[in-house]
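sequence plus the predicted model coming up.
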Amino acid sequence: MPCSAPNEIDDVGALGLQSIVQQVKWIFRPSEICRDIREEHLHVPSLAVLESRVMLEVRFQTYWSDADPAGIVFFPHFFRFVEQAEEEMFRAAGEIRQTLLERYQVWLPRVEAFSRFSRPIRCGAAIRVRLNPEIKGDKTIRYDFEIVDDESSDPLAAGYITVVCVDAERFKSTAIPPAIRSVILNAQSQ
């Protein structure tokens with residue numbers, strides 16, 4: 001079904017909440033056609049996965065709610081952006097992470113997180129998260145990440161998150177299910 005793109009987003013007061021919701025839903029449609037139309041007509045780069053030869057890359061916009069009183073993005077939000085990039089990796093593979101977790105009755109708790117912060121992210125800045133997933137054995141995934149400024153590509157932070165697959169009922173480590181492993185392996189080969 002083809003998309004019909006609005007020419008521009010009017011100011012918030014004129015649109016009303018229902019119209020805003022409709023336009024936001026349209027902006028986040030994952031199809032290639034809609035992405036091209038969105039970029040052409042709205043001049044908004046896609047928030048979907050961007051192509052990168054080294055890592056999976058996802059663009060995010062930061063907001064007032066991400067920042068502390070000094071107008072700097074609060075450091076725990078860096079990890080939230082990384083987790084959102086992880087979810088986008090699953091979506092790009094045509095899967096929904098939560099659905100896979102429920103289907104295979106597993107969880108993927110974080111057991112280790114590290115980040116070195118290079119520069120602050122200012123409220124309202126656009127950033128890109130570069131995610132490099134790697135399976136380590138039967139039960140562990142390590143996500144190396146870089147967060148860079150969207151315009152300059154200057155590094156803002158880098159680190160890793162280690163995830164262990166556990167049985168949801170017993171909370172004991174277990175092998176990563178084949179469908180989840182497939183998503184990770186496909187992301188590694190990009």
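Thanks, I have it. Because the structure is predicted, anything quoted here is derived from the model rather than measured.

can you show me the helices along this structure?
If you assign secondary structure with DSSP state H, the helices in the chain sit at 12-15, 17-27, 32-42, 76-92, 97-104, 178-188.

which helices and strands sit right next to the fourth one?
Other elements packing on helix 76-92 under the criterion 3 or more Cβ pairs under 8 Å, 6 or more residues apart in numbering; DSSP states H and E are strand 49-50, strand 56-61, helix 97-104, strand 110-117, strand 126-136, strand 140-149, strand 155-164, helix 178-188. Every residue, glycine included, has its C-beta placed from N, CA and C.

if we go to 6 Å?
Applying 3 or more Cβ pairs under 6 Å, 6 or more residues apart in numbering; DSSP states H and E, one finds that helix 76-92 contacts strand 56-61, strand 126-136.

okay if I get those as TSV plus mean neighbour count and distance to residue 83?
Formatted as TSV, the entries for those read as follows, by neighbours: other Cβ atoms under 10 Å; distance: least, Cβ to Cβ, whole Å:
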stretch	mean neighbour count	distance to residue 83
strand 56-61	20	11
strand 126-136	19	10
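
how's this protein carved up into domains?
The chain breaks down into these structural domains: 1-45, 47-188 (assignment by automatic domain parsing).

could you single out the most deeply buried of those?
Ranked by average neighbour count under the criterion mean count of other Cβ atoms under 10 Å, the domains of the chain are headed by domain 47-188 at a mean of 16.

which stretches of this protein have low pLDDT?
Low-confidence regions of the chain, defined here as pLDDT under 70, cover residues 1-54, 190.

give me phi/psi at residue 105?
Reported as degrees, to the nearest 10, the phi and psi values for residue 105 are phi 50, psi 50.

ok, it - contacts?
With contacts defined as Cβ atoms under 6 Å, 6 or more residues apart in numbering, the neighbours of residue 105 are residue 168.

try it again with 7 Å
Residue 105 makes contact with 167-169 under the criterion Cβ atoms under 7 Å, 6 or more residues apart in numbering.

on that earlier part again, closest to residue 160 out of the helices and strands packed on helix 76-92?
strand 126-136 (8.9 Å; Cβ to Cβ).
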